[in-house]
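J.: Prediction below, plus the sequence it came from.
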Amino acid sequence: MPGNNYNANSPVPSSRIDRLLRQRLRKNNKASNSNDANGNGNVNGNEGLDHEQRLREGDDFVEQYLEGASAARDRWEKPDSGLFTQRLLVVANRLPVSAVRRGEESWSLEVSGGGLVSALLGVKEVEAKWIGWAGVNVPDEPGQRALTKALAEKRCIPVFLDEEIVHQYYNGYCNNILWPLFHYLGLPQEDRLATTRSFQSQFAAYKKANQMFADVVNEHYEEGDVVWCHDYHLMFLPKCLKDHNKNMKVGWFLHTPFPSSEIHRTLPSRSELLRAVLAADLVGFHTYDYARHFVSACTRILGLEGTPEGVEDQGRLTRVAAFPIGIDSDRFIHALEAPQVQEHIRELKERFSGRKVMLGVDRLDMIKGIPQKILAFEKFLEENQYWHDKVVLLQIAVPTRTDVPEYQKLTSQVHEIVGRINGRFGTLTTVPIHHLDRSLDFQALCALYAVTDIALVTSLRDGMNLVSYEFVACQDEKRGVLILSEFAGAAQSLGAGAILVNPWNITEVAASIGQALNMSAEEREKRHLHNFSHVTTHTAQEWAETFVSELNDTVLEAQQRIRQVPPLLPGFNATLTEPVDSPDRRGGDQIREMDLKLHPDLKEPLTRLCSDPKTTVVVLSGSDRGVLDENFGDYDMWLAAENGMFLRSTRGDWMTTMPEHSNMEWVDSVKHVFEYFTERTPRSHFELRETSLVWNYKYSDVEFGRLQARDMLQHLWTGPISNASVDVVQGSRSVEVRAVGVTKGVTIVRILGEIVHSKSISAPIDYVLCVGHSLGKDEDIYTFFEPELPSDNIGIARPKISDATKSCGDRKSGRSGSKSSQKQIQRNTENKRNNNSSSTSNGINSSGSSNSNSVGNGGRRSSQSPDKITWNVLDLKGDNYFSCAVGRKRTNARYMLDTSDDVVSFLRDLARAS
Ligand SMILES: O=P(O)(O)OC[C@H]1O[C@H](O[C@H]2O[C@H](CO)[C@@H](O)[C@H](O)[C@H]2O)[C@H](O)[C@@H](O)[C@@H]1O
Ligand SMILES: O=c1ccn([C@@H]2O[C@H](COP(=O)(O)OP(=O)(O)O)[C@@H](O)[C@H]2O)c(=O)[nH]1
């Protein structure tokens, strides 16, 4: 079957390691090619540019980059097949340039700040276009036209956001809610109630803004493009894009930390945001921790399956992985040679001669821990009088998000502390802290990094922190010390070479300053070399290449994947039941879900189908007799409870199809085990049916539930009941024990035999429709109707049901098909005749239950006597059998429906057609 096996000759590597090794090989090849061409071994992305040229670039780098002058090589390597051109659409809230209006139709563009822009500017070898906000409100049409034109020259495409949207979406939802939350800062205390009140409107604006970004992407998208969405501003974007075009290759990368699921859980829109991100093909984070938190949030909040590869939802995988960002280290290293930078360096050395220079470079943001840094420096001065006139702290605090009140408060707080310390330790000629509330240009910044003895990064949380990388890149001569917060993502990569500190521990930071100032040259050298090697090999270029190449592979893999991922079973009963209003797992209504109710909209189509004399409706369910009586007692149909162990026409009494001498002695022992685990697993419950027991931990803590299930299974397999004739069936959030060999595929034989006999059906059945949501084991019901299917329970991806309704409605009669089924039915009906009994239908020795419902729809009632029933009554041709799985994409059924709501509309159409 096409697409049913991993193809050994596939251009897609079969495993992740295989892929990474090939990628490494590609990189090596590229490096050696560049050696051949240039005669040197530069592997960091500036191959092809000679030394002089790089020096000339200097400060014009960004300009040149944006104009495409740095030779975008506009192609990505495709695994194993050489080079191909692929455009990259980078979508981020902020464009790399911010616009300043000079006249009605005249604009000047300035480079935007922040690490995201710096990192993406370091990505050179690809034809990238940026889509984003230019940081300015442009209400008038001529202004928009002129700005669009100016930006186009820089390969940028604007998204125009009006003032109100910016206020609600950017200042409000992004920077007052998501930003502090993702950095573990909670909401600003005084602001808490106001924020809570304005949450809804801010979230609405957030979604609206994301849709506006999506509209611009859709307008510029060309088939084959890769769309790379960035950051917490655009968590809705993957969903908006995929809703518009499910074939778009969409990646999403978060530049901030992703917090523990317990933090994310407090967000009112927690589930919507997670689901929207999961629409992407590939989701990336700076560190493994953030990726782990995200997967755990999807597991705990959405109830989805987390795997080492990512998050699975109904057989669809969203890949989740860590892609630590880097910088364009060459740009910094070579900038130091530029005359302007050398001049700055000379000035700075002179200015601070005789003093050790400590440096902080941060946006003036709460997450950067600037007050904590300054207080630690004060403590160091308090305790080390010797250093008073021998050390200076230069703090560059770049103003940011100045419209958000919390940022305004921080500015005054920092000014106050700096003033106090300078007053306390300053002299007439010197102050210990030089604080600048502004940004520096690239050359000035490089010079500062180069003259620094100690860089002090005390972020309370920071996605990565590129300042620490940039400092290291500029320190090849000085070999200064990096003091780095353990809460910055960079601590996971530069950890070994830096002095790691907890920024909340002022004493520890103060002591680290002392340690750094007194560190031997030998130790500094060792630490620096470690850091330098990391920074120069893990570059921004490499980061982007890896992400895009993984995204391409992920999409190809998804297309070619045939080994079926066993799907997550969302619930106990999901075909005909009322949908429980549960936007997410934790918030789900356990009590309502335990009390199964027929979907209210099904009543009408079901009544119509049941009253059609030519149609037989069977409900085959894992539920017990009481549940089926309550929900279906008033319809004219057949009910098969506990997966067919009990059967009745609603016009008659229940009969059991259980073999007479079934041994059910194991039930009590299993019940004890289930009671024991239920008592110890909060929010788990078990159901005691007549022929099986089901323990369900869907609402428990998922990890604890899994551990408990593992213990339970071990006990069942190896403990006192291990020899009983039972099957232990493991669901995604349940454990079921049933009599050995009971599946829907087994019981359907007896059920149909009974119905054919009781209704005296002798002419071939027109068609069979079998709709269900079954445990893997019960998927053998499809094998019963289609014996040629593989019997290993490995399902295959199915199309959505579309015109099956029409085909069912139009169906007349068919011949040929399932020989073994036919023989079974023949045997059943013959048994009937011989036994003339209504309690058991044949000699198959089985009993039990499972977790799904199905509707079987049989055909013409015959006036012939039971004696005339022949084996070809269930004589199914290929196209008069319709099987449909609900909520499972990997199945042996021929079609699929997503939810019980889809079942309603399908049965409605069917009722109308018949
Ligand atoms: O655009 P702004 O609101 O002015 O903010 C500037 C950027 O700040 C954040 O940067 C993060 O990205 C860096 C690179 O990955 C990372 O090193 C740093 O730890 C993060 O804080 C923000 O995520 C960006 O979107 C902003 O543009
Ligand atoms: O005066 C300045 C100070 C900082 N930066 C840049 O701002 C970025 C800060 O990135 P980081 O990842 O450290 O933190 P973020 O601001 O993104 O949270 C770095 O690339 C700096 O070079 C700058 O361009 N001019």
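T.: Everything's here; your move. Ligands and ions are numbered 1, 2, ... in the order given.

J.: I would like the residues contacting the helix or strand hosting residue 532, please.
T.: Per DSSP states H and E: residue 532 is located in helix 521-537. Outside helix 521-537, the residues within contact range by Cβ atoms under 8 Å, 6 or more residues apart in numbering are 44, 326-327, 329-330, 333, 469, 472-473, 475-476, 479-482, 493-494, 496-498. C-beta coordinates here come from the backbone N, C-alpha and C atoms, glycine included.

J.: now do stretch 431-443
T.: If you take Cβ under 8 Å, 6+ apart as the criterion, stretch 431-443 is touched by 58-59, 61-62, 113, 335, 338, 340-341, 344, 364, 374, 377, 381, 388, 391-399, 411, 414-415, 418, 421-422, 425-426, 448.

J.: Also stretch 166-185?
T.: Stretch 166-185 is contacted from outside by 93, 133, 137, 161, 186-188, 191, 195, 198-199, 201-206, 208-209, 232-233, 235, 256-259, 263-264, 266-267, 366-367, 401, 403-404, 406, 460-462, using Cβ under 8 Å, 6+ apart.

J.: what about residue 288, neighbour count?
T.: Counted with other Cβ atoms under 10 Å, the neighbours of residue 288 add up to 12.

J.: now swap in residue 462 and tell me
T.: Residues contacting residue 462 under the criterion other Cβ under 10 Å number 29.

J.: so what's it bridging to?
T.: Residue 462 forms beta bridges with residue 488, as assigned by DSSP bridges.

J.: any weak-confidence spans in the stretch 701-850 of the chain?
T.: The stretch 701-850 of the chain contains residues with pLDDT under 70 at 774-776, 789-850.

J.: Tell me who's in contact with whichever residue of it sits closest to ligand 2.
T.: The nearest approach of the stretch 701-850 of the chain to ligand 2 comes at residue 703, 32.1 Å away (Cβ to the nearest ligand atom). By Cβ under 8 Å, 6+ apart, the residues touching residue 703 are residue 299.

J.: Remind me which helix or strand it belongs to.
T.: helix 702-718.

J.: any idea how far that helix is from the chain center?
T.: 27 Å (Cα atoms, centre = their mean, to the nearest Å).

J.: ditto for stretch 95-111
T.: 36 Å.

J.: what sits opposite residue 108 in the beta ladder?
T.: Taking DSSP bridges as the rule, residue 108 bridges to residue 100.

J.: Could you shift the numbering so residue one becomes 16, and keep it that way?
T.: OK, 16 is where the count begins now, so the last one is residue 123.

J.: I figured it was touching residue 149, is that so?
T.: No - using Cβ atoms under 8 Å as the test, residue 123 is too far from residue 149 to be in contact (11.4 Å).

J.: Now the common contact residues for these two.
T.: Jointly contacting residue 123 and residue 149 under the rule Cβ under 8 Å, 6+ apart are residue 114.

J.: who's more crowded, the two?
T.: Taking neighbours as other Cβ under 10 Å, residue 123 and residue 149 compare with residue 149 leading, 25 against 12.

J.: Let's see which of the contacts of stretch 446-458 end up in helices.
T.: Using DSSP state H, 76-77, 350, 355-356, 359, 389, 392, 396, 426, 429-430, 433, 436-437, 440, 463 are the members of the contacts of stretch 446-458 that sit in helices.

J.: Doesn't residue 213 belong to a helix?
T.: Yes - under DSSP: H, G, I helix; E, B strand; the rest coil, residue 213 falls within a helix.

J.: Relative to ligand 2, how far out is it?
T.: Distance, residue 213 to ligand 2, using Cβ to the nearest ligand atom, to the nearest Å: 25 Å.

J.: And residue 552, by the same measure?
T.: Taking Cβ to the nearest ligand atom, one finds residue 552 at 19 Å from ligand 2.

J.: How many residues are close by that residue?
T.: Using other Cβ under 10 Å, the number of residues around residue 552 comes to 12.

J.: same question, residue 510
T.: Residues lying near residue 510 (other Cβ under 10 Å) number 16.

J.: With the one 4 residues further on instead?
T.: By the other Cβ under 10 Å criterion, the neighbourhood of residue 514 contains 20 residues.

J.: now residue 299
T.: Neighbourhood size, residue 299 [other Cβ under 10 Å]: 27.

J.: residue contacts, it?
T.: Contacts of residue 299 by Cβ under 8 Å, 6+ apart are 266-269, 306, 335-338, 562.

J.: Tell me what it is bridged to.
T.: Assigned bridge partners for residue 299, using DSSP bridges, are residue 268, residue 336.

J.: Nearest spatial neighbour of residue 405, chain-adjacent residues omitted?
T.: Excluding the flanking residues, the one nearest residue 405 by Cβ to Cβ, 6 or more residues apart in numbering is residue 370, at 5.6 Å.

J.: my read: that neighbour touches residue 407, true?
T.: Yes - applying Cβ under 8 Å, one finds residue 370 in contact with residue 407, separated by 5.0 Å.

J.: So which of those two has more stuff around it?
T.: Counted by other Cβ under 10 Å, residue 370 and residue 407 do not tie: residue 407 has more neighbours, with 19 against 15.

J.: So what's the residue count around the nearest residue to residue 233 once chain neighbours are set aside?
T.: Once flanking residues are discounted, residue 233 sits nearest to residue 259: 5.4 Å by Cβ to Cβ, 6+ apart. Residue 259: 14 surrounding residues under other Cβ under 10 Å.
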